[in-house]
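need a structure here:
(5 chains)
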Amino acid sequence: MCWGLIPHWAKDASRGSKLINARAETVLTKPSFRDSFRFRRRCLVPADGFYEWKREGKKSTPYRIALPGKEVFAFAGLWDRWDSPEGSVFSFTIITTEANESMKEIHNRMPVILSDEEEYIEWLETGDLRALKKILRPYEGRLHIYPVSKLVNSPKNDMPELILEETAR
DNA sequence: CCAGACGTTGTT
DNA sequence: GTCTGG
DNA sequence: CCAGACGTTGTT
DNA sequence: GTCTGG
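Numbers count the residues shown, from 1 in each chain, chains lettered A, B, ... in the order given. Take a look at the predicted model:
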């Protein structure tokens, strides 16, 4: 299973392997994603956080974003299977949406975050378009946003905890 | 029709 | 596979 | 933007 | 460090 969705119709696996994000706003219409979306090739991509860069002039500072009190959550993903004579390749992509209030401090986009069982099941199982679209909105819970000295450093290196925003909605 | 694209990000 | 642009 | 490469040889 | 590709 590899990150970077390869549409089932792709001529070769390499081209599609660059589709690492899908916009929530257009996922219904883009040829690369819509079948996966409609025909329930939806998936959960487990995560304990993600990184985003804040641009300040010429500098970009990496931040780690986590959900307070949640060791693990999930990104909303789509998958597909690409068949070739040599075998099948399964691949997936992550859906992005506009940033919520907290994330706007950092960046204008963010992954679609699912944080409880109910959402997981609905994302995977529902056939109702309205319900699906509702899921693909900016996360409404709290986020912890930590500056990171260097992204390449392991998270074990002391990571100053600076909570930019903790507003619940 | 038929070849070529099919995606996102941020920046200008 | 299906849509778009020329 | 940001991740990933950052090279040459000889062959087609 | 800097360029390239996506």
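
the residue most distant from the middle of chain A, which is it?
Of all residues in chain A, A:P85 has its C-alpha farthest from the mean position, at 31.0 Å, by Cα atoms, centre = their mean.

which other helices and strands contact the lengthiest helix in chain A?
In chain A, with assignment by DSSP state H, the single longest helix is helix A:117-125. Secondary-structure packing of helix A:117-125 (3 or more Cβ pairs under 8 Å, 6 or more residues apart in numbering; DSSP states H and E): strand A:42-47, helix A:129-135. All C-beta spots, glycine's among them, are computed from the backbone N, C-alpha and C.

Could you single out the most deeply buried of these?
Highest mean neighbour count among the helices and strands packed on helix A:117-125 (mean count of other Cβ atoms under 10 Å): strand A:42-47, with a mean of 17.

Adjacent strands (with direction) for it?
Here strand A:42-47 is paired, per DSSP bridges, with strand A:73-84 (antiparallel).

Show me which positions of the strand it pairs with end up buried.
For strand A:73-84, the neighbour count (16 or more other Cβ atoms under 10 Å) marks A:F73, A:A74, A:F75, A:A76, A:G77, A:L78, A:W79, A:D80, A:W82 as buried.

and if you look at stretch A:132-145?
Neighbour counts using 16+ other Cβ under 10 Å place A:L132, A:I135, A:L136, A:P138, A:Y139, A:G141, A:R142, A:L143, A:H144, A:I145 of stretch A:132-145 among the buried residues.

Sitting in helices, which of those residues do you find?
Using DSSP H, those in helices are A:L132, A:I135.

Present the buried residues of stretch A:132-145 as TSV; the columns should include pLDDT and distance to DNA strand C.
Below are the buried residues of stretch A:132-145 laid out as TSV (pLDDT from 0 to 100; distance: Cβ to the nearest atom of the strand, whole Å):
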residue	pLDDT	distance to DNA strand C
A:L132	90	19
A:I135	92	24
A:L136	91	21
A:P138	92	27
A:Y139	92	31
A:G141	90	36
A:R142	90	40
A:L143	90	36
A:H144	89	40
A:I145	86	38
